[in-house]
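K.L.:
need a 3D model of the following:
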Amino acid sequence: MIWDVALRRLLRHAGTSFELDVRFASDAPRLALYGPSGAGKTLTLKTIAGIVRPDAARVCIGGRMLHDTGRGLRLSPQQRRLGYLFQDYALFPHLTVRQNIAFGRRTGWFNPGRAGTDEAVEHWIGAFRLEAVANHHPHQLSGGQRQRTALARALVNEPSALLLDEPFAALDIGLRRRLRSELAELQAGLGLPLLLITHDLDDVHALDAEVVHLQRGRVVEDPAMPLACHARA
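P.N.:
Below is the predicted model of the structure:
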């Protein structure tokens, strides 16, 4: 089983509450968390990544247990070795493309140097065709270049799976189509399990992804969606 996830988290704020109670299991190499805003998609993704601490969880990806409350196991985000792409890409504006990618390799307190000395960083600069902009800063990049830089940073440490938060939301239609195709080819080439958030069924179809449909913090079945698209809850 590639994905075996059960999460529970109760949030309270200003007299209101939201309960996340998500369970799904799937062998699909590409899985999409699909649903409206406020359904709990990003909270689910961040909890899987270890960025958010749940009340209870069991997270097993590719047969490797990352979190099991019952056993007292909770790996740190670094120990989980999951590549995470934030919705806004979260590139550091004061660092170059090369430095942003190298930041994924950082173990100390200092920012990476501007010179190219890391073979893994240089590999992903080449793989994503970023050589011409390697010394540029994020404000000098196109939307596609920013996304490829963020993807390179997520992949530079050879993660065991890739988590993407609305990777195409900020792109125009033409670029979105092209990058969907590039992402599908990348995932197929690397054989890397991929879990993405989307509210766009075109993303689901273009990536041939299995769907985990979320509404109000729960996994539901959408009668308008073919049963074959759903992950097993």
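K.L.:
what's the next secondary structure element after the one helix or strand in the chain whose mean pLDDT sits lowest?
P.N.:
Every helix and strand in the chain was compared by mean pLDDT, DSSP states H and E; the lowest is helix 173-190, with a mean of 84. Counting by DSSP states H and E, the next helix or strand C-terminal to helix 173-190 is strand 194-198.
K.L.:
tell me where this structure has helices.
P.N.:
For the chain, helices defined by DSSP state H occupy the ranges 41-49, 77-80, 97-103, 119-127, 143-155, 173-190, 201-207.
K.L.:
can you put the ones you listed in a markdown table and add distance to residue 61?
P.N.:
Placement of C-beta: from N, CA and C, glycine included. Output for these, formatted as a markdown table (distance: least, Cβ to Cβ, whole Å):
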| stretch | distance to residue 61 |
| --- | --- |
| helix 41-49 | 8 |
| helix 77-80 | 8 |
| helix 97-103 | 24 |
| helix 119-127 | 22 |
| helix 143-155 | 15 |
| helix 173-190 | 15 |
| helix 201-207 | 18 |
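K.L.:
of the ones you listed, flag the one that's most buried.
P.N.:
Among the helices of the chain, the stretch with the highest mean neighbour count (mean count of other Cβ atoms under 10 Å) is helix 97-103, at a mean of 25.
K.L.:
output the contacting helices and strands for that helix.
P.N.:
If you count contacts as 3 or more Cβ pairs under 8 Å, 6 or more residues apart in numbering; DSSP states H and E, helix 97-103 packs onto helix 119-127, helix 143-155.
K.L.:
want to try JSON lines for these, with mean pLDDT as columns?
P.N.:
Formatted as JSON lines, the helices and strands packed on helix 97-103 follow (pLDDT from 0 to 100):
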{"stretch": "helix 119-127", "mean pLDDT": "90"}
{"stretch": "helix 143-155", "mean pLDDT": "90"}
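K.L.:
closest one to residue 56 among these?
P.N.:
Distance to residue 56, taken as Cβ to Cβ, is lowest for helix 143-155 among the helices and strands packed on helix 97-103, at 27.3 Å.
K.L.:
and the residue nearest the centre of this protein?
P.N.:
Residue closest to the average C-alpha location in the chain (Cα atoms, centre = their mean): residue 163, at 1.9 Å.
K.L.:
what residues does that one make contact with?
P.N.:
Residue 163 makes contact with 45, 48-49, 82-85, 195-196 under the criterion Cβ atoms under 8 Å, 6 or more residues apart in numbering.
K.L.:
next, count neighbours for the closest residue to residue 65 other than its chain neighbours.
P.N.:
Nearest non-adjacent residue to residue 65, counting by Cβ to Cβ, 6 or more residues apart in numbering: residue 73, 6.2 Å away. The tally of other residues near residue 73 (other Cβ atoms under 10 Å) stands at 13.
K.L.:
I'd say residue 73 and residue 64 touch.
P.N.:
No - here residue 73 lies out of contact with residue 64, judged by Cβ atoms under 8 Å, at a distance of 11.1 Å.
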